[in-house]
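**Student:** Requesting a structural model of the entry that follows:
(chains A, B, C and D)
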Protein chains: 2
Amino acid sequence: MDQVEIFKALSNKTRLQILNWLKEPAKNFPDQLNPDFENVGVCVGQIQMKAGLSQSTISEYLSILQRSNLVCATRVGQWTYYKRNEEGIKMLNQIISTEL
Amino acid sequence: MDQVEIFKALSNKTRLQILNWLKEPAKNFPDQLNPDFENVGVCVGQIQMKAGLSQSTISEYLSILQRSNLVCATRVGQWTYYKRNEEGIKMLNQIISTEL
DNA sequence: TTGGCATATCGGGAAAAGTCGATATACATT
DNA sequence: AATGTATATCGACTTTTCCCGATATGCCAA
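**Tutor:** The predicted structure follows:
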């Protein structure tokens, strides 16, 4: 994975916020309906409402984060749930502390 | 310092390379004339030659890195020497490992 | 199978970043 | 003072990013 792409993914206030919100889904998305959301993640609509940007924008932001392995997605029925990809984030930490 | 700005500063291949080159000035800038360059850093012209972009572009890139506390500058006569700001880079590591 | 949601993708307009050449500034030498 | 050199800043142009609304896709329920 290209380092530049990862940093680009992180170069946006909303995307950084999403990553942060997903640290504590229960706290940040109290209206979440899916009872299993702690495992599976938070659906796009919830994130969109919280971010206050358009549906298409948030959908794209999430796929940008996904391409950089910062979040991962699970499709369940008509919903796509996103959660942090702690593996990828850990790897980023290593890249930064060793290669930067 | 705004996290987004730091990530933007890192969202460019040449700027990442500069940061890396400055890890080992002696190795990466063998034509360096200033005998004290290990302490003071590498001058803009040397970095520009190595990067192969225009003088104005590199000058701006260096000030972008400086604004994010990733490098620091020392003016000596008509030269400006840049070196890594290890303090700032360490702080970035902390930001990333705690806040991301 | 038709309609209704949730999400993804497409096309576009506005803003920001990338990059250059030209010019300005600042210092050093004659 | 005049010239030369190193760096910074400016103005312009191109490419990329930021967002949006509209449309497409995929799934579910009636």
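
**Student:** does A:Y82 count as helix, strand or coil?
**Tutor:** Put simply, A:Y82 is strand when judged by DSSP: H, G, I helix; E, B strand; the rest coil.

**Student:** what is it paired to in the beta sheet?
**Tutor:** Beta-bridge partners recorded for A:Y82 (DSSP bridges): A:V42, A:A73.

**Student:** Might you report the residue contacts of it?
**Tutor:** Residues in contact with A:Y82 (Cβ atoms under 8 Å, 6 or more residues apart in numbering or on different chains) are A:L22, A:G41, A:V42, A:C43, A:V44, A:I47, A:L62, A:L65, A:Q66, A:V71, A:C72, A:A73. (Each C-beta comes from the backbone N, C-alpha and C, glycine too.)

**Student:** quick one, what contacts A:Q48?
**Tutor:** By Cβ under 8 Å, 6+ apart, the neighbours of A:Q48 are A:S54, A:Q55, A:I58, A:S59.

**Student:** element containing it, please.
**Tutor:** Assigned by DSSP states H and E, A:Q48 belongs to helix A:44-51.

**Student:** Put the alpha carbons of that helix into PDB.
**Tutor:** Output of helix A:44-51 as PDB, limited to C-alpha atoms (Å, rounded to 0.1, in the frame of the first residue of the first chain):
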ATOM      1  CA  VAL A  44     -23.300   4.400   6.500                       C
ATOM      2  CA  GLY A  45     -26.500   6.200   7.200                       C
ATOM      3  CA  GLN A  46     -25.600   6.700  10.900                       C
ATOM      4  CA  ILE A  47     -22.200   8.000  10.000                       C
ATOM      5  CA  GLN A  48     -23.700  10.300   7.400                       C
ATOM      6  CA  MET A  49     -26.200  11.800   9.800                       C
ATOM      7  CA  LYS A  50     -23.500  12.500  12.300                       C
ATOM      8  CA  ALA A  51     -21.100  14.000   9.800                       C
END
